[in-house]
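1. Sequence and predicted structure below; questions after.
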Amino acid sequence: MPQPTSKIPNSPGKLMEMSASASNARYNTMPPPSKAQAERTSLKDRVGQFAKPPSYNGRNGPSHIAATSIAGVPRTTSYSSSTSSRPSSSASSRNVSNSSFSQSVGPGSRTSSAQSHRSHSSMSNSRIQRPTYTNGRPATALEVHDEEPNTAQVLGKRKGRILFSSTPLDPCHEGLQPPRLRSKPSEPMLHGSPTRMRRPYSVMTLREASLASAFGGLSLDRSSEPTPIVEEKASISPSKLPKALPTLRPRASHSALSSPSKSPRKKASPLPKFLNRDTNNILAPAGHTDGFVAFDMEQRLEEVENMSKFMKSGYDEANSRSESLKETINGLKTTNEVLKSRITELETARDSLRSSNEQLKADLDTAKVTASLSSEELEEQKRRHNNRLDDLQRQYKRDLEDAEHEAERQKRNLERDQLEQLEDVHRTFETRLAEDRAHHQQEIQSMSNEGANTQEEAQREFEKQRQAFLDLEAELDRCKTDVNREKDLNGSLRDQLTAAAKEKGELETSVRRLEGHIHFLESDNKSQSQAFADLEERMQNALKSAAEANEKLIKEETLRRKLHNQVQELKGNIRVFCRVRPSLEADGIDTGARIAYPDDKTDSKEVEVMGQEEKSSLGNITTKKHAFAFDRVFGPTSHNEDIFSEISQLVQSALDGYNVCIFCYGQTGSGKTFTMSSPADGMIPRAVNQIYSTAKALEEKGWKYSMEGSFIEVYNENLNDLLGKAEDLDKKKHEIKHDTQKCKTEITGVRTVELDSPDRVDEILQRAAKNRVVAATQANERSSRSHSVFILKLIGENSITGERSEGTLNLVDLAGSERLSHSGATGDRLKETQNINKSLSCLGDVIGALGQGKEGGHIPYRNSKLTYLLQFSLGGNSKTLMFVMISPLQAHLSETLTSLKFATKVHNTHIGTAKKQTKTKDP
Ligand SMILES: Nc1ncnc2c1ncn2[C@@H]1O[C@H](COP(=O)(O)OP(=O)(O)OP(=O)(O)O)[C@@H](O)[C@H]1O
């Protein structure tokens, strides 16, 4: 259903135009009174101000103002919005209607009153939209404004009015309802929410009423109240005109719509009088007696006509809407009819259901009666049945007892009969048995006689058969032997035959070859003789050159050894290598010492360590650079493989019969054990492997080597056998015995392992490590508190030259070289510390004494067990290599520098020429 649209002219433009033209007309045609001119102007301005929402005092929110139609703000076209806009825009809309109204009725003097007070004119659109009729007074604006100078308080003043509640125009939404009387004086009619918006029940009716009130009630009844007007006309300025307006009261409309008892105007003028030139004259101010044209009557009439037309069109439209509503009502009526017929049907169905329900109820009652009868009958039958059952049970019991008695009796009879029968049978059987027994005994007797005869015969037969069998077995064995012999003979004959056939083939071949040879010899006897002679000569030459080559080889081997030794001597009999281990995760956050390798691209012989920062007296911080040079410097990236390639020549020297000593010196954790004893690639396993492979290679030159290994620990100036029993450690005493003639060292009671295969070395290392762990205590890390010496004795014999060499390879892992403080250490710890310090300083002393090079000078080997043990491996008859191991950590810088300084001393030592431990085999 189409939404009803407001038929009230809702174009603010139109209204504004009307208002403006009306105002202009009035103001333009009305000669301005000299005194009131300013007031008129201000009223005009005020009208304009009213049109501006912000200047409208007394209304709270701009939203109210926005909804007004007069303010120039677009007004909504819907009827409801028009209605809803009423509360906030009532003053403004009243002004509009006032303008219209004043246009039609007013002289200029009324303009201001209309603008300011006649806001409740019946011509107002908002009045049409909201047909509220007061009980006690006419709904015209004129009266209201008499009483309510402040329009903002209008609502409050209207309390108590009985209003026709406006109802929705759309009957489909809420149905057509008659207007209800509302007596809620406090209901905010003007400020209701949109859902509570009400529209007039019949717009046109009210509009007609408005028109009637507008045209009928707005007469200028000078006769009734002439005096106030004249008085006002003479005395007031236009700004005060509103006060004169109460005289302009609508009558007919109020008499028609309001309650007669409460209407203040019961007698309305039957013929309304309109304003004309004459009335203008009446209103002319004093001093303007010739009158003036207040407005253009014709134009006003025309406008009134237009308004009338507009009203009529609205009326027509309302009529048409009424028609459509009627149609809707008819439709609803039809629907109603349909629903009624449906209700009738449903009622019929309900009646039929009701009757069937009653029928069912009757059936149910009948069934209930039948059921109760049946249950009674059933009960009776059950009772009878139970009685019968009891009788039967009793009868059954009786029968049973009788039967049992009878059975018992029969059983006894039967038993007796059976016993009798049994006895008869028994007697019969016994008689028969006795007869049979006698008969059988006779038979047995005869049979046993026969059996004895048969057994004798069978025995004889058996013996005969056995003998025959034995004879047959012997015969079979003989046959088997014969067969085997024959088989062997046959096989050998076959082999002989095969061999003979082969021999025959070979013989035939050789016969043919010999025949060919004879033929060849016969054909070229001379040349063959020459070839034979050449061959003979060549063979002799070859033998001679082989002998020469062998001799040369031996000479070259001797030369190689000599040259090798010379090279080693040139390199220095005591050499020093430096190795810096890499930083490890276990080192934590240590930033690392600043260590540089200036010549790592060329010689790799130098290492520079930046010392601790030192503050001078002037406050300057200086860092000293410590440069060291050794035979070789290995950086943190080096591997054990790189190290070994440098020392392999020394290992070769040991094979060649020299005493070689390689020892690692450095503080704890600097990598000594890692370098020396790493199971897979430490110096010890690598040296052993190299010795093996070299010894193998030398075998073809006549050399045969035997290798013996022992592992000694020097702890607290005592010797321990690391390959012995763990429980003997620190208990068993071992002594060092030197053979000064042969420059040989023996340690008593130590286990010597023959290294007949390279795998034995792993076994040795593992055993040594295990013994050290067993011997270690929680407070004593054994490996860093003791020196370990791996001694490998190499004895070689050359079967060709008769040479014999005895070399020794000593691989020494020294105790940690850090300066151990005596303070704080007590007991075992103190002793341990003293011994480490002592042995290391003795080593330094020995090297220092060797460096002095005094022939026959004293070398203090005996001052410590370590130096005494290594007596023949340190000094004139040996080749010595020292590794100085360096930690890369800044925290170890001081120890690093100490180690490097000690190593430099060793490096600067020149030890006398090494002597080879060889002797020629006695012829
Ligand atoms: N060149 C290296 N590369 C990698 N790790 C190394 C290297 N040198 C030493 N290490 C590691 O540093 C640690 C200490 O090394 P090592 O035990 O060999 O020191 P040490 O001087 O023998 O100490 P101690 O005197 O206590 O026996 C070990 O964990 C070892 O694996």
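-> On my side now, so go ahead. Everything numeric here is computed off the predicted structure, so don't read it as measured data.

2. contacts, neighbours, all on C-alpha from now
-> Fine.

3. now the helices for the stretch 751-900 of the chain?
-> In the stretch 751-900 of the chain, the helices defined using DSSP state H, counting those that start in this stretch lie at 760-775, 782-785, 827-852, 865-869, 893-907.

4. Could you dump the ones you listed into CSV and include mean pLDDT, mean neighbour count and distance to the ligand?
-> Formatted as CSV, the helices of the stretch 751-900 of the chain follow (pLDDT from 0 to 100; neighbours: other Cα atoms under 10 Å; distance: least, Cα to the nearest ligand atom, whole Å):
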stretch, mean pLDDT, mean neighbour count, distance to the ligand
helix 760-775, 81, 17, 11
helix 782-785, 74, 20, 3
helix 827-852, 83, 19, 12
helix 865-869, 91, 23, 16
helix 893-907, 89, 20, 12
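
5. got those as a markdown table, with distance to Asn620 columns?
-> Putting the helices of the stretch 751-900 of the chain into a markdown table (distance: least, Cα to Cα, whole Å) gives the following:
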| stretch | distance to Asn620 |
| --- | --- |
| helix 760-775 | 50 |
| helix 782-785 | 39 |
| helix 827-852 | 37 |
| helix 865-869 | 46 |
| helix 893-907 | 21 |
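
6. Tell me which of the ones you listed approaches Leu373 most closely.
-> Of all the helices of the stretch 751-900 of the chain, helix 760-775 sits nearest to Leu373, with 108.6 Å by Cα to Cα.

7. So which residues on the protein come close to the ligand?
-> 581-582, 667-674, 783-784, 815-816 (Cα under 6 Å from any ligand atom).

8. let's see it at 8 Å
-> 579-584, 636-640, 665-676, 781-785, 813-817, 885 (Cα under 8 Å from any ligand atom).

9. Show me what the longest helix belonging to the chain is packed against.
-> Using DSSP state H to define each element, the chain has its longest helix at helix 297-571. Packing partners of helix 297-571 (3 or more Cα pairs under 8 Å, 6 or more residues apart in numbering; DSSP states H and E): helix 86-105, helix 203-211, helix 640-655.

10. Just give me the lowest mean pLDDT stretch among those.
-> Among these, helix 86-105 carries the lowest mean pLDDT, a mean of 38.

11. out of the helices of the stretch 751-900 of the chain, nearest to Glu404?
-> Across the helices of the stretch 751-900 of the chain, closest to Glu404 is helix 760-775 (Cα to Cα), at 97.7 Å.

12. Give me the contacts around that closest one.
-> 677, 679, 684-685, 688, 711, 722-723, 725-726, 729, 755, 782-783 (Cα atoms under 8 Å, 6 or more residues apart in numbering).

13. go again using 7 Å as the cut-off
-> 679, 685, 722-723, 726, 729, 782 (Cα atoms under 7 Å, 6 or more residues apart in numbering).

14. Pull the most distant pair out of these.
-> Pro685 and Leu729 (23.9 Å).

15. Name the member of the contacts of helix 760-775 with the shortest distance to the ligand.
-> Each of the contacts of helix 760-775 was scored against the ligand by Cα to the nearest ligand atom, and Arg782 proved nearest at 7.8 Å.

16. Can you tell me how far the residue of the stretch 501-650 of the chain found nearest the ligand is from Thr454?
-> Nearest residue of the stretch 501-650 of the chain to the ligand (Cα to the nearest ligand atom) works out as Arg581 at 4.3 Å. Noted for Arg581: a distance of 109 Å to Thr454, by Cα to Cα, to the nearest Å.

17. Met307 now?
-> From Met307 to Thr454 the distance is 171 Å (Cα to Cα).

18. picking that back up, return a ChimeraX selection command for the buried portion of the residues of the chain next to the ligand.
-> If you want just the buried ones from the residues of the chain next to the ligand in ChimeraX, going by 16 or more other Cα atoms under 10 Å, the selection is:
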select :579,580,581,582,640,665,666,667,668,670,671,672,673,674,675,676,782,783,784,785,813,814,815,816,817,885
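
19. List the ones among the residues of the chain next to the ligand that fall in strands.
-> 579-580, 665-666, 813, 885 (DSSP state E).

20. remind me which residues of the stretch 201-350 of the chain are low pLDDT?
-> Low-confidence segments of the stretch 201-350 of the chain (pLDDT under 70): 201-295.

21. Can you give me the pLDDT of Thr673?
-> 90.

22. Ok, Gly48 next?
-> 42.

23. which non-adjacent residue is nearest the residue of the stretch 501-650 of the chain closest to the ligand?
-> Leaving aside its sequence neighbours, Arg581 sits nearest to Pro636 (Cα to Cα, 6 or more residues apart in numbering; 4.7 Å).

24. residues in contact with that neighbour?
-> Contacts for Pro636 (Cα under 7 Å, 6+ apart) come out as 580-582.

25. Same question for Glu713.
-> Contacts of Glu713 (Cα under 7 Å, 6+ apart): 719-722, 786-789.

26. which of those lies closest to Arg494?
-> Leu722 (67.8 Å).

27. what about that closest one, how many residues close to it?
-> For Leu722, the count of nearby residues is 28 (other Cα atoms under 10 Å).

28. Ignoring the adjacent residues along the chain, who's closest to it?
-> Among residues not flanking Leu722 along the chain, Ala768 sits closest, at 4.7 Å (Cα to Cα, 6+ apart).

29. Over to Lys725?
-> Excluding its sequence neighbours, the residue lying closest to Lys725 (Cα to Cα, 6+ apart) is Asn771, at 7.6 Å.

30. How about Arg804?
-> Once flanking residues are discounted, Arg804 sits nearest to Glu797: 4.3 Å by Cα to Cα, 6+ apart.

31. what's near enough to touch Leu301?
-> Neighbours of Leu301 in contact, by Cα under 7 Å, 6+ apart: none.

32. scratch that, Asn810 is what I was asking about
-> 660-662, 789-792.

33. 8 Å instead?
-> 659-663, 789-792, 870, 873.

34. Quickly list what it is bridged to.
-> Beta bridges link Asn810 to Cys661, Ile791, judged by DSSP bridges.

35. Outline the domain layout of the chain.
-> Following automatic domain parsing, one gets these domains for the chain: 12-295, 572-920.

36. related to what we said a few turns ago, as JSON lines, the contacts of Glu713 with pLDDT would be great.
-> Shown next, in JSON lines, are these (pLDDT from 0 to 100):
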{"residue": "Leu719", "pLDDT": "91"}
{"residue": "Asn720", "pLDDT": "90"}
{"residue": "Asp721", "pLDDT": "92"}
{"residue": "Leu722", "pLDDT": "91"}
{"residue": "Ser786", "pLDDT": "87"}
{"residue": "His787", "pLDDT": "91"}
{"residue": "Ser788", "pLDDT": "91"}
{"residue": "Val789", "pLDDT": "93"}
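
37. In contact with the closest residue to Phe790 other than its chain neighbours, which residues?
-> Leaving aside its chain neighbours, Phe790 sits nearest to Phe711 (4.5 Å; criterion: Cα to Cα, 6+ apart). Counting by Cα under 8 Å, 6+ apart, Phe711 touches 721-723, 764, 768, 788-791.
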